[in-house]
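# My questions are about this predicted structure, shown below with the sequence.
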Amino acid sequence: MPARGPWIDHFGDNFLWSNATLIIKGMAPYGVVALEEMDRACERLKLRQHEPQAWHEEWGALGAQIERKADEAAALGRKHTAGDYYLRAGHYYYNAERFILPGDEKREWGRKAYRCFHAGIRLRYRNIELVEVPYEGITLPALFMKAPVEGRPRPSSSSTAWTMPRR
């Protein structure tokens, strides 16, 4: 069997980091990572493989760098570009928290990720709404994507109400 290249075994014997990197690369077709950005982060991580905090430091730093670019683009009124940057920053923040044990630090990285994701979604996808879905006495946050129905009959509002399936 031929040797696997760096696409799969990016970090050699560090299966967790290699697998996580492969998952991140798999998000490229969706526009929430840029391969060049993540290659730069992975090159820095290769030098720091034996530092447990390196993973969240490098991905967090990349997220912060891209979030600053998003803020700059937003300030210039470049909504589409800002939205792209925010979506990528959110994904990098999400990956920063991947190996952090549950607790305050993990929640903080998650907050950063959600803040950027939501900013990106609002700027890039006007047909997506942030909604609250009722479920067993509470509500759950969700994304609702409106179907393009220009010029076609639409269902009545009573038929589109949220209902939960019976168990």
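Alright, I've got the coordinates.

# So residue 133, which state does it fall into?
With DSSP: H, G, I helix; E, B strand; the rest coil as the basis, residue 133 sits in strand.

# Residue 77: neighbour count?
Residue 77 has 8 neighbouring residues, counting by other C-beta atoms under 10 Å. All C-beta atoms are positioned from the backbone trio N, CA, C, and that covers glycine.

# Next up, identify which helix or strand the residue nearest the centre of the chain is on.
Nearest to the mean C-alpha position of the chain, counting by C-alpha atoms, centre = their mean, stands residue 91 at 2.8 Å. Using DSSP states H and E, residue 91 maps to helix 79-96.

# quick revisit: residues touching the residue nearest to the centre of the chain, list them.
Residue 91 makes contact with 24, 27, 32, 33, 113, 117 under the criterion C-beta atoms under 8 Å, 6 or more residues apart in numbering.

# Now render these as JSON lines, adding secondary structure and neighbour count.
Output for these, formatted as JSON lines (DSSP: H, G, I helix; E, B strand; the rest coil; neighbours: other C-beta atoms under 10 Å):
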{"residue": "24", "secondary structure": "helix", "neighbour count": "22"}
{"residue": "27", "secondary structure": "coil", "neighbour count": "16"}
{"residue": "32", "secondary structure": "coil", "neighbour count": "19"}
{"residue": "33", "secondary structure": "coil", "neighbour count": "22"}
{"residue": "113", "secondary structure": "helix", "neighbour count": "20"}
{"residue": "117", "secondary structure": "helix", "neighbour count": "20"}
